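Chemist: Got a predicted structure plus its sequence, pasted below:
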Amino acid sequence: QSALTQPPSASGSPGQSVTISCTGTSVGGYNFVSWYQQHPGKAPKLLIYEVTKRPSGVPDRFSGSKSGNTASLTVSGLQAEDEADFYCSSNAGSNNYVVFGGGTKVTVL
Amino acid sequence: EKQLVDSGGGLVKPGGSLRLSCAASGFTFSNAWMNWVRQPPGKGLEWVGRIKSQTDGGTTDYAAPVKGRFTLSRDDSENTLYLQMNSLKTEDTGVYYCTTILWSFGMDVWGQGTTVTVSS
């Protein structure tokens, strides 16, 4: 069982926004939340790191935030290509381990 | 362009061993902290372990399910990361990805993955 909890699914129509949550005690204690997008049969891709930062090349339609023990990823202006699985990760407390959320499948209606 | 190429996966019997490799290019491998993540068939991502750069001590950390069975190592002269997997179990089956990992735990470069199947 993941120490980070994500909803199993989310959906939205093209042009709309969808927000995915990621809840866990380590989220609240540190600013080390990352978000990844994975298309079927492909390797994951880093979208967000340190809660809000975007790597070069990631569109600003993807944004991250945090409140208390819950981090969120918002995808604005949904596009068909955004349909994928999304995972959050963080450090697992004060040790150096990493934990992933269970993943959220985003469907573009 | 930063690139990681994973290799070494295959079919192995329970209790057997396998060594995965990850060849890096396009960045200074010796300065990078490196990481393995796996994904069982049809399931989510699972962290396996991390090795720091030699200048940061070269220390390793492992997830509880693999600690004592898996060993990460690196050859900075060959720009290659290794994952030695011993005493393999059926639950170790999945796609294994090598990644770079930032000090803040973000994994910014990923290999294409290599498939490990543990079955009798």
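Modeler: Structure's in. What do you need?

Chemist: Look through chain A and tell me its longest strand.
Modeler: The strand of greatest length in chain A, counted in residues with DSSP state E as the criterion, is given as strand A:84-91.

Chemist: Could you pick out the residues of chain A near chain B for me?
Modeler: Chain A has residues A:2, A:31-32, A:34, A:36, A:38, A:43-46, A:49-50, A:55, A:85, A:87, A:89-91, A:95-103 near chain B, with proximity defined as CB under 8 Å from any CB of the partner chain. Quick note: C-beta positions are derived from backbone N, CA and C, even for glycine.

Chemist: Which residue does chain A have closest to chain B?
Modeler: Distances between chain A and chain B by CB to the nearest CB are smallest at residue A:49, namely 3.1 Å.

Chemist: Tell me which stretches of chain A form helices.
Modeler: When assigned using DSSP state H, the helices of chain A occupy the ranges A:25-29.

Chemist: pull the helix or strand with minimum mean pLDDT from chain A.
Modeler: helix A:25-29 (a mean of 86; mean pLDDT, DSSP states H and E).

Chemist: how about the closest residue to the residue of chain A closest to chain B other than its chain neighbours, secondary structure?
Modeler: Computed as CB to CB, 6 or more residues apart in numbering or on different chains, the closest residue to residue A:49 that is not its neighbour in sequence is residue B:106, at 3.1 Å. Put simply, residue B:106 is coil when judged by DSSP: H, G, I helix; E, B strand; the rest coil.

Chemist: quick one, phi/psi of residue B:106?
Modeler: The main-chain torsion angles of residue B:106 are listed as degrees, to the nearest 10 and equal phi -70, psi 140.

Chemist: Contact partners for the residue of chain B found nearest chain A?
Modeler: Here chain B gets closest to chain A at one residue, residue B:106, 3.1 Å apart by CB to the nearest CB. Contacts for residue B:106 were tallied using CB atoms under 8 Å, 6 or more residues apart in numbering or on different chains; they are A:32, A:34, A:46, A:49-50.

Chemist: Need the max-distance pair from the residues you listed.
Modeler: Checked with CB to CB, these reach their widest spread between A:32 and A:46, with 13.1 Å between them.

Chemist: Go ahead and build a PyMOL selection from the buried members of the residues of chain A next to chain B.
Modeler: Remark: buried members of the residues of chain A next to chain B, expressed as a PyMOL selection using 16 or more other CB atoms under 10 Å in any protein chain shown:
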select buried, chain A and resi 2+32+34+36+38+43+44+45+46+49+50+85+87+89+90+91+97+98+99+100+101+102+103
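
Chemist: Please narrow the residues of chain A next to chain B to those residing in strands.
Modeler: Residues of the residues of chain A next to chain B located in strands (DSSP E): A:34, A:36, A:38, A:45-46, A:85, A:87, A:89-91, A:98-100.

Chemist: quick one: residue B:62 and residue B:47 touch, right?
Modeler: No. At 9.2 Å, residue B:62 does not count as touching residue B:47 under the criterion of CB atoms under 8 Å.
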